[in-house]
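K.L.:
what follows is a predicted protein model with its sequence.
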Amino acid sequence: MKKLSKNIIIGSLLLTALVWVSSAFVLSGRMADEQCTIENTAMKGGERLVYKAYYNWEFVWVPAGEAEFLIRENNDTYEVTVTGKTYKGYDAFFRVRDYFHSVIDKKTMYPRTFVRKVEEGNYKRYDSLSFSQDKLLAVSYNGPDRQSARRKIIPINNCTHDLLSVLYFMRNINVSNHKPGDMIPTKILFDETIYPIKVRYAGRHDDFDIKDLGTFNTIKVIPDLVSGNVFKDGNRMNIWVTNDNNKLPLLIESPLSVGSAKAVLKSYTGLRYPFPEK
């Protein structure tokens, strides 16, 4: 698990929390029966979400960068593209240029293909996955770049997600079936390894204010954090999501080994449902 947290979080502050929230939200749903299909009722093509990331160093919050999530709708799939980059003023400290792309089956909301291309400081990685959910196999190409990526066949479990598909699957789950304190597991294939992750549902938090966007009714979830190079022992990430049909992550707060980070929803367009008026 150290490898998972290090590769995602080591400087990609704007994508760090959002990737973790992907795993967190599906965990808020009832996944114990391993039902590998769900109807999409939460999103549509054309949705665009932008998040702003901050890094806290000695009690000062520094704007670090932004991440953009876009959905394109096809006849039988959704294509989700995420791009993240640090601001020019932050590049000298730690430059990030990240690209994620997931093709998600409309009928099941599970992934068909996934591509990750990241540049984070001196770290570079190309990761491509092609899922055969019925055969419980995935074909991986993984390496520092596309030209040197090595092919590998990976056995997978039922209901295995990539880093993006899990977020959009979760947005169609009714979290009202759970009580505060419930912890539910799921699985994500990342960097040629399947990671089991658990999250705790922490209940409702109404009248939650997001600067420049307004006040929202929310639910809170707390994913398991793995101590090591990135996270401190005993600390937890806190995530607030709109308690409506859209289920949008609004705010993610994350303790790190040095300082802390947060990602805040900056803007949204193309939502399937308007937010309820407050």
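P.N.:
In hand now; what should we look at?

K.L.:
which of the helices or strands spans Phe169?
P.N.:
According to DSSP states H and E, Phe169 maps onto helix 165-170.

K.L.:
quick check: mean pLDDT of that helix?
P.N.:
On average, the pLDDT along helix 165-170 is 83.

K.L.:
please renumber the chain so that the first residue is 19 from this point on.
P.N.:
Sounds good: first residue 19 from here, last item helix 183-188.

K.L.:
list the buried ones in that helix?
P.N.:
By neighbour count on 16 or more other C-beta atoms under 10 Å, the buried set for helix 183-188 is Ser183, Val184, Leu185, Tyr186, Phe187, Met188. Quick note: C-beta positions are derived from backbone N, CA and C, even for glycine.

K.L.:
and the longest strand along the chain, what does it pack onto?
P.N.:
Longest among the strand segments of the chain by residue count, using DSSP state E, is strand 211-228. Helices and strands touching strand 211-228, as assessed by 3 or more C-beta pairs under 8 Å, 6 or more residues apart in numbering; DSSP states H and E, comprise helix 20-27, helix 31-45, strand 201-208, strand 232-241, strand 256-260, strand 267-273.

K.L.:
the fifth one pairs with which strands, and in what direction?
P.N.:
Within its sheet, and counting by DSSP bridges, strand 256-260 is paired with strand 232-241 (antiparallel), strand 267-273 (antiparallel).

K.L.:
winner for burial among those?
P.N.:
strand 267-273 (a mean of 22; mean count of other C-beta atoms under 10 Å).

K.L.:
so how far is Asp227 from Tyr73?
P.N.:
Distance, Tyr73 to Asp227, using C-beta to C-beta, to the nearest Å: 22 Å.

K.L.:
those two: who's more crowded?
P.N.:
Tyr73 (23 against 10; other C-beta atoms under 10 Å).

K.L.:
whichever helix or strand the more buried one is part of to strand 267-273, inter-axis angle?
P.N.:
Applying DSSP H and E as the criterion places Tyr73 in strand 66-75. Per axes from the mean of the first three to the mean of the last three C-alpha atoms, to 10 degrees, the angle that strand 66-75 makes with strand 267-273 is 20 degrees.

K.L.:
run through the neighbouring helices and strands of the helix or strand that strand 66-75 is followed by.
P.N.:
Later in the chain than strand 66-75, the nearest helix or strand by DSSP H and E is strand 78-91. Counting by 3+ C-beta pairs under 8 Å, 6+ apart, the packing neighbours recorded for strand 78-91 are helix 31-45, strand 66-75, strand 95-104, helix 106-109, strand 278-287.
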